[in-house]
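Student: Need a 3D model of the sequence below.
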Amino acid sequence: MKITAVKTYALHHPLTQSIGPSTAYYRSRSALIIKIETDEGLIGWGETTTFTGVRAIIDEQYAPRLIGQDPLKHRALWRNLWGANFGNGMALGGVDLALDDLRGKALNLPIAELYGGRLRDRVQAYASAMNYIEGENPIEQYPREAENLLTQGYRAMKMRIGGQPLRQDLAAMAAVRRVVGDDVKLMADGNGAYTLSSAIQMGREMEKLGFDWFEEPLPQSVPEYAGYEILTDKLDIAIAACEGLTTRGMFKEAITRRAMDIVQPDVCLAGGIGECLFVAEMARLWGIQCMPHCWAGGLVIAATVHLLSLLPDASWSRHTEPPMLEYDMVPNPFQDDLLSTKLAIKNGFVAVPTGPGLGVEVDEERLAYYAK
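Tutor: Numbering: from 1, shown residues only. Down below sits the predicted model:
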C-alpha cells in the first residue's frame, strides 16, 4: 500500500454568542482536517489547530515526504516528518492521527490495540463548561449550567475563572458547589489570568471549596511555564498545566522541576498519541498524573479517548483516580456534525471506539460544506 495524496481542509464556523475564558471571547470555532489517501482506497483522517504556519508545513513539507510511502512504516515516517520541520508538534500531531487512523484501518484494529491494548472500555468525561458569556452574570449562569450538566449524567465539571474580581469568581464557584454537592468533582481553569500572589490566594480558597485541581493560573509562557513550581510547592490543590507544550523535551524540563501535579499533553499539539503516551509515562516517574488536554473537534476527541483507554489508573487502589476526558461544551459543529459515525456518550462516560483506526468517520459532504 502506498500513500497517494495528503490533503488539508481549513474549517471555520461563527458562533451565535461570544463565549470564552478569562482572557478572550471566542466568536468562532476552527479546525484543520487532514486527509491521507492510498492506492488501495483506504483513507486516514486527522485534525489539528489552525495556528499560522501549521497548514503550510503539512502541505509543503510533509506531503512530498509522505506520497509514495508505505503508511504502515509508522516509526520511520514519524522520524522523517519530525526532522523535516525541527519538531513542530502541532503539524505532526494532526498528521500522526491520520497515519494512526490509516494504519488501524489497514490492519483492521482500533488505535488502542495498535498501542498495546486498552486498559478500559469506557472513560469518564468531565464537562469542560461554564465559560464566561458576554452579557451573562456567572453567579447565575454557572450554577444553572452545572445543574443542567448533572441531569446529563456528568459527575465531574470544569469552569473558567479569572475573568472578574476574585470575590465575584469565588461567589460563583461556591454557588456551583452548593448545586452539585460534595460528591461531584470540580475543577477550574484560570487560562493564565493570575499573578503569582493572586493565584496562591485563589488556590487556597479553592482548597476550602474542595476543588480537585487549578489549571494554568499563570501566563503560559511556552516553554518556561515560569513560576509554576512555586504554586505546586505552596498549594495543596493540584496544579494542572502544560497543555501548550509541543515536544517531549519541553515536557521533560517542566516535569523535572515539578511545574505541575497533573500534566496535560494534547494529542494534536504534542506530536500524536505515541508522544503523549511517552510524556505520560515520563511524568509517572515523578509521581505526576496525566489528564490530557482536549479542546477540538470529533477526530481529536476520538483520538484522546483511545489515549485515555491506554493510561493506567493513578494507583493500584480499588478507589483510585482514573484519567478523564475533557469534553468541551463550547458549541462546535466539528464535534458531531462533521462525523458520520459518532462517539457514544452516556451518563458522563464515553465508550472507547471498537472500529478500526479512530473508529469514527468524516462525512465528506459536511466537510465540503464547512470548508467553503
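
Student: show me what contacts Gln220?
Tutor: Contacts of Gln220 were listed using CB atoms under 8 Å, 6 or more residues apart in numbering, and they are 192, 241, 243-244. All C-beta spots, glycine's among them, are computed from the backbone N, C-alpha and C.

Student: Need the pLDDT of it.
Tutor: For Gln220, the pLDDT comes out at 86.

Student: now swap in Val305 and tell me
Tutor: pLDDT at Val305 comes out at 98.

Student: Which element is encountered next along the chain beyond the helix or strand hosting it?
Tutor: Assigning secondary structure by DSSP states H and E places Val305 in helix 298-310. Downstream of helix 298-310, the first helix or strand assigned by DSSP H and E is strand 324-328.

Student: helices and strands around the helix or strand following that following strand, which ones?
Tutor: Per DSSP H and E, the first helix or strand lying C-terminal to strand 324-328 is helix 333-336. Packing partners of helix 333-336 (3 or more CB pairs under 8 Å, 6 or more residues apart in numbering; DSSP states H and E): strand 3-20, strand 26-38, helix 298-310.

Student: With just CA atoms, put the last one into CSV.
Tutor: Meaning helix 298-310. Extracted in CSV, the C-alpha atoms of helix 298-310 (Å, rounded to 0.1, in the frame of the first residue of the first chain):
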residue,chain,number,x,y,z
GLY,A,298,-14.6,15.0,17.0
LEU,A,299,-11.5,13.4,15.5
VAL,A,300,-9.3,14.8,18.3
ILE,A,301,-11.8,13.7,20.9
ALA,A,302,-11.9,10.2,19.5
ALA,A,303,-8.1,10.1,19.5
THR,A,304,-8.0,11.3,23.1
VAL,A,305,-10.4,8.6,24.1
HIS,A,306,-8.1,6.0,22.7
LEU,A,307,-5.2,7.6,24.5
LEU,A,308,-7.1,7.6,27.8
SER,A,309,-8.0,3.9,27.4
LEU,A,310,-4.3,3.2,27.4
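
Student: which helices and strands sit right next to that helix?
Tutor: Against helix 298-310 (3+ CB pairs under 8 Å, 6+ apart) you get strand 43-48, helix 89-107, helix 111-114, strand 122-128, helix 273-284, strand 324-328, helix 333-336.
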